[in-house]
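Peer 1: What follows is a predicted structure for the sequence shown.
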Amino acid sequence: MLDMQFVRNNPDIVKENIRKKFQDEKLPLVDEVIELDKEARAAKKEADNLRAERNAISKQIGALMAQGKKEEAEGVKKKVTEKSEYLSSLEEKETRLLEEVRKRMMVIPNIIDESVPIGKDDSENVEVQRYGEPYVPDFDIPYHTDIMEKLNGIDLDSARRVAGNGFYYLMGDIARLHSAVIAYARDFMIDRGFTYCIPPYMIRSDVVTGVMSFAEMEAMMYKIEGEDLYLIGTSEHSMIGKFIDTIIPKEELPKTLTSYSPCFRKEKGAHGLEERGVYRIHQFEKQEMIVVCTPEESPIWFDRLWQNTVDLFRTLDIPVRTLECCSGDLADLKVKSVDVEAWSPRQKKYFEVGSCSNLSDAQARRLKIRYRDEDGRKVFAHTLNNTVVAPPRMLIAFLENNLNEDGSVNIPEALRPYMGGKQVIR
């Protein structure tokens with residue numbers, strides 16, 4: 001959410017940013033917000049003046065009573081009552097107008113970084129760099145669920161009977177590999193100085209609306225019936241929510257946390273063949289990283305975060321590339337985002353396995369996450385997040401890049417301690 005004073009002083013910049021995100025339908029919101037804010041401030045000013053006037057009259061009543069002028073004092077009391085009733089109506093008006101302002105401000109997108117490429121959707125994202133040499137073996141690589149089934153590692157049919165489409169049973173060495181990847185990612189991030197955390201898997205609505213846009217919320221979140229609770233779609237929501245309505249001592253910044261959690265997503269809509277199996281599912285597990293820092297440090301942390309994911313995948317012999325997300329592919333709260341994509345030898349192309357985002361002070365403003373600067377002023381912090389690893393998709397990349405012609409799968413050296421010393425899955 002933008003600063004109202006910024007919108008008030010820079011309406012043309014806000015409108016141009018909306019155009020860059022190809023959301024022209026939101027352009028009228030800027031003028032509406034400015035007008036509603038003007039009315040709210042006028043109502044507040046009138047209410048403040050009325051309170052001062054009422055207080056002065058109240059003192060007058062006391063003086064009249066002291067002088068024994070009861071009749072005159074009663075007349076003045078009547079004026080106070082009338083002003084109190086009008087003041088109440090002004091306060092209600094101000095509250096109503098501010099709520100209307102907030103509703104509109106919640107859907108006006110954050111100002112994107114000037115380095116973000118302009119484009120309508122993810123097809124116009126820009127490749128930044130490749131890491132590792134993409135390799136295609138001289139034998140055919142089966143679809144990822146076929147690889148898993150041959151290793152007795154997955155049962156989709158039973159999962160459909162138990163929970164429906166979008167769920168799975170992982171079995172044997174594949175299930176162990178899944179857990180090994182999570183444990184390795186946890187230790188990888190701890191070694192890089194992040195504090196390990198297991199967060200709540202449900203969050204309240206005020207946290208949900210603080211960390212994401214309404215459109216994302218509707219498309220992703222599962223609501224717990226009869227309670228003000230939602231299942232998390234990603235642990236960064238719960239992790240950022242940890243700091244709701246707090247003033248963090250500046251010397252404690254940055255806060256660098258890495259978290260494990262299951263994730264639950266609706267994943268509505270029809271998906272193609274390549275998004276079946278365990279690619280796009282309703283339940284999965286993930287290792288995440290988040291940072292809460294000063295505005296000056298957030299560009300530095302942004303580059304550190306996505307580099308962590310690149311480095312982790314390279315230790316597992318998986319080629320990756322980074323993509324700069326274009327303006328139309330950015331969620332409304334994000335100012336800049338880089339996707340990490342892993343190489344698929346079967347498809348002979350890269351596919352997304354993680355996303356790193358800088359949200360500047362958008363989440364902090366909604367959740368009141370602040371720190372005090374050198375002058376003692378309360379300043380909104382910046383928040384960032386990035387996927388360390390999400391095993392369902394990561395497993396696809398892992399299996400394809402480490403598959404042998406006989407159907408066995410090599411275990412990279414970094415993972416072997418987490419697989420009981422195994423070098424190969426057969």
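Peer 2: Everything's here; your move.
Peer 1: Ramachandran coordinates for residue 341?
Peer 2: With angles defined as degrees, to the nearest 10, residue 341 sits at phi -120, psi 140.
Peer 1: Kindly report the same for residue 298.
Peer 2: Residue torsions, per degrees, to the nearest 10, at residue 298 are phi -60, psi -40.
Peer 1: mind listing the helices for the stretch 201-350 of the chain?
Peer 2: For the stretch 201-350 of the chain, applying DSSP state H, counting those that start in this stretch gives helices covering 205-211, 214-220, 235-241, 298-315.
Peer 1: of all those, which lies closest to residue 109?
Peer 2: Nearest of those to residue 109, taken as CB to CB: helix 214-220 at 10.7 Å. Any C-beta I mention is one placed from the backbone N, CA and C, and that applies to glycine too.
Peer 1: now what about that closest one, what contacts it?
Peer 2: Outside helix 214-220, the residues that touch it by CB atoms under 8 Å, 6 or more residues apart in numbering are 106-107, 208-209, 212, 233, 265-266, 268, 331-332.
Peer 1: Let me see the contact set for residue 37.
Peer 2: Each residue near residue 37 by CB under 8 Å, 6+ apart is listed here: 4, 7-8, 97, 101.
Peer 1: Could you rerun that using 10 Å?
Peer 2: Contacts for residue 37 (CB atoms under 10 Å, 6 or more residues apart in numbering) come out as 4-5, 7-8, 97-98, 100-101, 104-105.
Peer 1: Using neighbour counts, give me the buried entries of those residues.
Peer 2: Neighbour counting by 16 or more other CB atoms under 10 Å classes 4, 7, 97-98, 100-101, 104-105 among those as buried.
Peer 1: just to revisit the earlier point, among the contacts of residue 37, which one lies nearest to residue 351?
Peer 2: Scanning those for proximity to residue 351, where the rule is CB to CB, the winner is residue 105, at 35.5 Å.
Peer 1: With adjacent residues omitted, what lies nearest to the closest one?
Peer 2: residue 1 (5.2 Å; CB to CB, 6 or more residues apart in numbering).
Peer 1: Residue 110 is in contact with the one you found, correct?
Peer 2: Yes. Applying CB atoms under 10 Å, one finds residue 1 in contact with residue 110, separated by 7.9 Å.
Peer 1: what helix or strand does residue 174 sit in?
Peer 2: Here residue 174 sits within helix 172-191, counting by DSSP states H and E.
Peer 1: Any idea how far that helix is from the middle of the chain?
Peer 2: Averaged C-alpha coordinates place helix 172-191 at 24 Å from its chain's average position (CA atoms, centre = their mean, to the nearest Å).
Peer 1: what does whichever helix or strand comes after that helix contact?
Peer 2: Along the chain past helix 172-191, the next helix or strand (assigned with DSSP H and E) turns out to be strand 195-197. Strand 195-197 has contacts (CB under 10 Å, 6+ apart) with 186-187, 189-190, 235, 238-239, 242, 255-261, 287-288, 290.
Peer 1: which of these are buried?
Peer 2: For the contacts of strand 195-197, burial is judged from neighbour counts taken by 16+ other CB under 10 Å, and it is met by 186, 189, 235, 238-239, 242, 255-261, 287-288, 290.
Peer 1: so where's the stretch 301-426 of the chain uncertain?
Peer 2: Applying pLDDT under 70 to the stretch 301-426 of the chain flags no residue at all.
Peer 1: quick one on the thing from earlier: which one of the contacts of helix 214-220 sits closest to residue 31?
Peer 2: Nearest member of those to residue 31, counting by CB to CB, is residue 107, at 14.4 Å.
Peer 1: Next up, the contacts around that closest one.
Peer 2: Per CB under 10 Å, 6+ apart, neighbours of residue 107: 1, 23, 26, 29, 213-215, 332.
Peer 1: can you list these in CSV and add neighbour count?
Peer 2: Below are the contacts of residue 107 laid out as CSV (neighbours: other CB atoms under 10 Å):
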residue, neighbour count
1, 22
23, 17
26, 18
29, 19
213, 18
214, 13
215, 11
332, 21
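Peer 1: tell me the two of these that are most distant?
Peer 2: Pairwise distances across the contacts of residue 107 peak at 15.4 Å for 1 and 23 (criterion: CB to CB).
Peer 1: Many thanks, we can stop here.
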